[in-house]
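# Just a sequence and a predicted model for now, questions to come.
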Amino acid sequence: MSEEPPPELSVERRDEGTWTVLSVKGEIDAHTGPALRTALHDAVDAGRHRLVLDFTDVSFLDSSALGVLVSAHKRLLPEGGEIRIVSDRPVVLTLFELTALDQVFTLVPTLEQALAD
């Protein structure tokens, strides 16, 4: 019996004006969530308080992923920061709706909408 390789997650960061875009690809769960947490903390530590998380290529996320996002949101609140999430995938949107986190985070279907002020 062979072991399954751990799920992959990649996070690429780039600045777009006053926004920092984190393009996330893969699955976000208890095993990969720390990589997202690190990317979020690095951006905030660099003074970037307006974050767009591009989840266009996120195929799965669980409650641990939501915990990472809520933690980042709480960290940004005193700075007047904001997190916008880009996704049109039902697997992502449904989780935010079921947990009422669609009331906390701005969810938009395209990156262009997320970057609009």
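Sure, I can see it.
# Only C-alpha atoms from now on, for both contacts and neighbour counts.
OK.
# So what's the gap between the strand or helix carrying Thr38 and the chain middle?
In this assignment (DSSP states H and E), Thr38 forms part of helix 33-45. Offset of helix 33-45 from its chain centre (C-alpha atoms, centre = their mean, to the nearest Å): 10 Å.
# elements contacting it?
Here helix 33-45 touches strand 9-16, strand 19-28, helix 63-76, going by 3 or more C-alpha pairs under 8 Å, 6 or more residues apart in numbering; DSSP states H and E.
# As CSV, the ones you listed with mean pLDDT, mean neighbour count and distance to Arg37 would be great.
CSV is the format used below for these (pLDDT from 0 to 100; neighbours: other C-alpha atoms under 10 Å; distance: least, C-alpha to C-alpha, whole Å):
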stretch, mean pLDDT, mean neighbour count, distance to Arg37
strand 9-16, 95, 14, 10
strand 19-28, 96, 21, 10
helix 63-76, 95, 17, 6
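# For Val91, find the nearest of the ones you listed.
strand 19-28 (11.3 Å; C-alpha to C-alpha).
# Need the residues that contact that closest one.
7-15, 36, 39, 43, 48-62, 64-65, 115 (C-alpha atoms under 8 Å, 6 or more residues apart in numbering).
# Quick one: distance of that strand to the chain centre.
On C-alpha atoms, centre = their mean, the centre of strand 19-28 falls 6 Å from the chain's centre.
# Can you mark which positions in the strand or helix carrying Thr94 are buried?
Element membership for Thr94 (DSSP H and E) is helix 90-98. Residues 92-93, 95-96 are the ones in helix 90-98 that count as buried (16 or more other C-alpha atoms under 10 Å).
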